[in-house]
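*Asks:* structure here, sequence nowhere to be found:
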């Protein structure tokens, strides 16, 4: 039976998972919406990956993303890592000479700068959804255009409409104003794609030295209109990868290979996992403690900043 390594990247909008082999090749993959319930999303993810993983024995599990600790506890993960490390490792496994990683997801974005295979700088934007996948989706609904068609429509424009996209509210009002002025829909779509790239470079990429080779990742990298906008603004080639949206999961799966082998069964997703939040009032910190239970048995807790808030695991 072939050995496999499971990587799960769970964010606020989407949940990604892969199973890789010893050579880091993807044997199984899944991408689905988190829908505000990371535990249920991962359960569904495991079912989809299991269907693709015949004759594979999972001996390593890694988690990354905003819910990495929660899901790491749920899956008894070998390793739990931040998104910067996971994306860098995943990308370098396929592009060892890469210097800049541009990443735009559903609700956040990041830039990672690499020198000689080492992360030397990075920045993240998690406070505002302007210029992210959710921003493009909301504008697509306003224009009554499937967001999947945005890229192809943008490429038909020769005169992109300037759209103020530093704030979602301003962008929407500016979009309506430009439409009322008579701007063509394809020019508005191209303008939105360009504004996403500009917003990213003026915020996440501000002050950063962006060097080639450059790769663009995350769900928004599937939008060829945004890819072209980056290339026009940066005046250079911007690569994409068919598995660009899975790089975080691939990276953390690779990292799990360095840990001691474990026994993992996909059936773990059939157990009942619940979380309970409570506040500790044993000191002025009033820490918010999160407890996770498996089949009504406490398996982990976190959030305390001192021993008084420590929860005893039975």
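*Replies:* Good, I have the coordinates. No experiment lies behind these values; they were computed from the predicted model shown.
*Asks:* for this structure, what are the low-confidence residue spans?
*Replies:* Along the chain, segments meeting pLDDT under 70 span 126-131, 165-169, 312-314.
*Asks:* mind listing the strands for it?
*Replies:* In order along the chain, the chain carries the following strands (DSSP state E): 2-10, 14-20, 26-33, 56-64, 79-80, 100-104, 109-115, 118-125, 214-217, 238-239, 273-279, 288-294, 297-302.
*Asks:* tabulate these (TSV), appending mean neighbour count.
*Replies:* Placement of C-beta: from N, CA and C, glycine included. Below are the strands of the chain laid out as TSV (neighbours: other CB atoms under 10 Å):
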stretch	mean neighbour count
strand 2-10	25
strand 14-20	26
strand 26-33	17
strand 56-64	24
strand 79-80	21
strand 100-104	26
strand 109-115	21
strand 118-125	15
strand 214-217	22
strand 238-239	20
strand 273-279	13
strand 288-294	16
strand 297-302	16
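*Asks:* could I get those as CSV with distance to residue 263?
*Replies:* Formatted as CSV, these follow (distance: least, CB to CB, whole Å):
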stretch, distance to residue 263
strand 2-10, 12
strand 14-20, 15
strand 26-33, 18
strand 56-64, 8
strand 79-80, 16
strand 100-104, 33
strand 109-115, 33
strand 118-125, 32
strand 214-217, 32
strand 238-239, 38
strand 273-279, 19
strand 288-294, 16
strand 297-302, 17
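*Asks:* between the ones you listed, which gets nearest to residue 41?
*Replies:* Comparison of those against residue 41 by CB to CB identifies strand 14-20 as nearest, at 4.2 Å.
*Asks:* which other residues reach that closest one?
*Replies:* 4-10, 26-34, 38, 41-42, 45-46, 48-49, 52-53, 56, 58, 65, 105-106, 219, 245-246, 248-250, 253-254 (CB atoms under 8 Å, 6 or more residues apart in numbering).
*Asks:* about what we covered before: between the strands of the chain, which gets nearest to residue 93?
*Replies:* Distances from residue 93 to each of the strands of the chain were compared using CB to CB; the minimum, 9.2 Å, belongs to strand 14-20.
*Asks:* got the contact list for residue 56?
*Replies:* For residue 56, the residues meeting the contact criterion (CB under 8 Å, 6+ apart) are 1-4, 19, 27-28.
*Asks:* for residue 52, same thing?
*Replies:* Residue 52 sits next to 19, 27-30 when contact means CB under 8 Å, 6+ apart.
*Asks:* how about a markdown table for those residues, with distance to residue 205 added?
*Replies:* Listed next are the contacts of residue 52 as a markdown table, based on distance: CB to CB, whole Å:
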| residue | distance to residue 205 |
| --- | --- |
| 19 | 33 |
| 27 | 34 |
| 28 | 34 |
| 29 | 29 |
| 30 | 30 |
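*Asks:* before we move on, the earlier item: closest one to residue 143 among the strands of the chain?
*Replies:* strand 100-104 (19.4 Å).
*Asks:* now do that closest one and strand 118-125, the angle between them.
*Replies:* Inter-element angle recorded for strand 100-104 and strand 118-125: 30 degrees (by axes from the mean of the first three to the mean of the last three CA atoms, to 10 degrees).
*Asks:* quick one: the helices in the stretch 51-200 of the chain, in order.
*Replies:* Secondary structure of the stretch 51-200 of the chain (DSSP state H, counting those that start in this stretch): helices at 68-75, 83-92, 133-143, 150-154, 168-181, 185-203.
*Asks:* how about residue 264, nearest residue that isn't a chain neighbour?
*Replies:* Here the nearest residue to residue 264 in space, its sequence neighbours aside, is residue 58; by CB to CB, 6 or more residues apart in numbering that works out to 4.1 Å.
*Asks:* any idea how far the one you found lies from residue 281?
*Replies:* Computed as CB to CB, to the nearest Å, the residue 58 to residue 281 distance reads 41 Å.
*Asks:* swap in residue 17?
*Replies:* Counting by CB to CB, the gap between residue 17 and residue 281 amounts to 38 Å.
*Asks:* try residue 100
*Replies:* Using CB to CB, one obtains 47 Å as the distance from residue 100 to residue 281.
*Asks:* rewinding a little: residues contacting the residue nearest to residue 264?
*Replies:* Under the criterion of CB under 8 Å, 6+ apart, the contact list for residue 58 reads 4-6, 19, 264-266.
*Asks:* please repeat the previous calculation with a cut-off of 10 Å.
*Replies:* When the contact criterion is CB atoms under 10 Å, 6 or more residues apart in numbering, the partners of residue 58 are 3-6, 19, 49-50, 75, 78, 253, 256, 261-266.
*Asks:* before we move on, what about residue 157?
*Replies:* Residues touching residue 157, when contacts are defined by CB under 10 Å, 6+ apart, comprise 184-191, 193-194, 225.
*Asks:* name the nearest residue to it, sequence neighbours excluded.
*Replies:* Distances taken as CB to CB, 6+ apart put residue 190 closest to residue 157, at 3.5 Å, once the chain neighbours are dropped.
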